[in-house]
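> could you look at this predicted model? Sequence included:
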Amino acid sequence: RRAMGEAEFKVAHDPSRPFRVTAGSVTTEALGTRFIVRYDGETGAVTLQQGTVRTSRPSARGAQTDSAVLQPGQQLAFDAETLDAPRSVDLSNADAWRRGRLLMNFVPLKQVVAEINRYRRSQIRLLDPELGEREVNAAIDIQHIDAWLEALQQTLPIQVIHAGPWVFLRS
């Protein structure tokens, strides 16, 4: 099974004892800060809430490393091969999961379903690949995902089908 998860860290800077978080091949070092590291076994993201962090990974050339320093309100996505350039993000959404909510704006439905499936025992599956590309806005209470699914089919031309432990979405 792939290692995955998300954690928030609040760290005081101490040069004699650097604090580092490794997710896959990427290491993030705290430089006196509060940040979130998310990893799903293949891809991940580092979101800086306060302070400064340096995120790095070994480059394909071996001896060198690819790295970037993030400023508050920036996020850096990564996978096994690359570190993306830092980009600005809405910090109010970045740690919504800590408050039991998922907040996503103008994202493909397949991304929302993938996020929901991190919190739901029985998985949701999209039956129509085109449906997964539809952009949606979602504000979901993690404890009431089924209520969001019911509201989804009331507001969009989407059918929610419950079949045992499975939930299927189709146009």
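Happy to help now that I have it. Residues are numbered from 1 along each chain as shown.
> okay but Pro108 is in contact with Glu135, surely?
Yes: Pro108 is in contact with Glu135 according to C-beta atoms under 8 Å; the separation is 6.1 Å. Just so you know, the C-beta spots here come from the backbone N, C-alpha and C atoms, and that holds for glycine as well.
> the more surrounded of the two?
Taking other C-beta atoms under 10 Å, Pro108 and Glu135 do not tie; Pro108 has more neighbours (15 against 12).
> burial of the residue nearest to that one when sequence neighbours are not counted, as a residue count?
Computed as C-beta to C-beta, 6 or more residues apart in numbering, the closest residue to Pro108 that is not its neighbour in sequence is Glu133, at 5.3 Å. By other C-beta under 10 Å, 12 other residues sit near Glu133.
> ok, now which ones touch Arg17?
If you count contacts by C-beta atoms under 8 Å, 6 or more residues apart in numbering, Arg17 has none.
> oh, and call the first residue 41 from now on, that's how I've got it
Let's use 41 as the start, then, which means that last one is Arg57.
> what does it show for phi and psi?
phi -140, psi 80 (degrees, to the nearest 10).
> what's the pLDDT at it?
pLDDT recorded at Arg57 is 85.
> now swap in Arg42 and tell me
pLDDT, read off for Arg42, is 67.
> likewise for Ser107?
Listed pLDDT for Ser107 reads 88.
> next up, the contacts around the spatially closest residue to it that is not a sequence neighbour.
Nearest non-adjacent residue to Ser107, counting by C-beta to C-beta, 6+ apart: Ser96, 3.6 Å away. Contact analysis of Ser96 by C-beta under 8 Å, 6+ apart lists Val66, Thr67, Thr68, Glu69, Thr105, Asp106, Ser107, Ala108, Leu123.
> quick one: the most centrally placed residue in the chain and Asp186, what's the gap?
Closest residue to the average C-alpha location of the chain: Arg78 at 5.6 Å, with C-alpha atoms, centre = their mean. Noted for Arg78: a distance of 24 Å to Asp186, by C-beta to C-beta, to the nearest Å.
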